[in-house]
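J.: quick check, what structure comes out for this input:
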Amino acid sequence: MTQTRFALILAHGQPSDPDPAEADLSRLTAAVAALMPGWRLGSATLAAPGALERALAHLESPLVLPFFMAEGWFTRTALPERLAAAGAPGLTRLPAFGTMKATADLAIRAARMAILGREWRIAETVLVLAAHGSGRSRAPAAAAERIADAVRAALAFREVRLGFIEEEPSLQSVAADVGDRAICLPLFVARWGHVLTDIPEALTGAGFPGPCLAPLGARPEVPAIIAAALREAAAE
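T.: Residues are numbered from 1 along each chain as shown. Got it, this is the predicted structure:
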């Protein structure tokens with residue numbers, strides 16, 4: 001009889017309105033589970049009261065995948081503390097989604113497909129990457145910079161600019177004066193919070209002329225990326 005494996009996908013969520021993010025993460029987890037027969041998966045956002053405890057009640061020593069774009073205070077401090085408080089210390093944790101090589105490859109693919117869909121020349125196009133950043137830690141910016149460097153190495157855009165919501169250079173400043181061919185790719189896990197408010201406001205303030213793509217974590221390739229990461233971690 002094949003032994004059931006367990007995994008838990010955790011995200012920050014939306015403290016001001018936790019239910020939509022909980023529902024989004026649940027749908028993502030169901031899509032991952034459909035690719036992983038023999039596994040039982042659960043999900044929770046840290047912002048939803050009781051969600052973590054409810055998810056752990058149905059999982060036995062799960063692998064934990066942080067659906068975050070960077071390794072920072074939430075993944076290194078808050079998450080272990082929350083797991084310990086919920087009676088599940090010492091669980092095996094995968095790297096944050098945004099730090100995986102497959103995620104950088106996904107950003108390259110998303111940018112390339114956006115250009116092909118418009119029949120623009122990459123060399124004539126500016127790519128603006130929108131990231132969270134932090135006023136307290138370099139970790140979020142460093143993770144975004146690694147993705148930006150990977151895109152620059154793979155695709156010969158006229159420019160690849162990286163702007164932040166919570167540190168300099170601001171998204172509004174880097175999204176200004178881009179010419180008439182430009183694309184924005186948000187380096188966020190979902191259509192929550194900043195993606196719905198701050199990014200559109202910054203692009204409008206900059207007079208940004210181009211489209212804003214879906215956030216990286218909302219791409220249709222993401223369930224397969226997460227499933228592959230969980231399988232690899234289990235094999236190790």
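J.: give me the most central residue, this protein.
T.: Centroid-nearest residue in the chain, with CA atoms, centre = their mean: Val189, separated by 2.9 Å.
J.: thinking that one is in contact with Ala214, fair?
T.: No - with contact defined as CB atoms under 8 Å, Val189 and Ala214 do not form a contacting pair (11.2 Å). In short, each C-beta sits where N, CA and C put it, glycine included.
J.: tell me where this structure has helices.
T.: Ranges of helices in the chain, per DSSP state H, are 18-33, 51-56, 73, 79-85, 101-118, 139-154, 171-174, 198-206, 222-235.
J.: just name the most buried of those.
T.: Using mean count of other CB atoms under 10 Å, the stretch among the helices of the chain with the largest mean neighbour count is helix 171-174, at a mean of 22.
J.: touching that one from outside, list them.
T.: 128, 130, 161-165, 198-199, 202-203, 205-206 (CB atoms under 8 Å, 6 or more residues apart in numbering).
J.: residue ranges with poor pLDDT in the protein?
T.: 1-2 (pLDDT under 70).
J.: now do the contacts for the residue nearest to the centre of the chain.
T.: Contacts of Val189 (CB under 8 Å, 6+ apart): 11, 67-69, 97-98, 215-218.
J.: show me the domain layout of this protein.
T.: Domains of the chain are assigned by automatic domain parsing as 5-98+221-235, 101-218.
J.: centre of the chain to the last one, how far?
T.: Which is domain 101-218. In terms of CA atoms, centre = their mean, to the nearest Å, the centre of domain 101-218 is found 13 Å from the chain centre.
J.: swap in the shortest one?
T.: Domain 5-98+221-235 has its C-alpha centroid displaced from the chain centroid by 13 Å (CA atoms, centre = their mean).
J.: measure that domain end to end?
T.: Start and end residues of domain 5-98+221-235 are separated by 11 Å (CA to CA, to the nearest Å).
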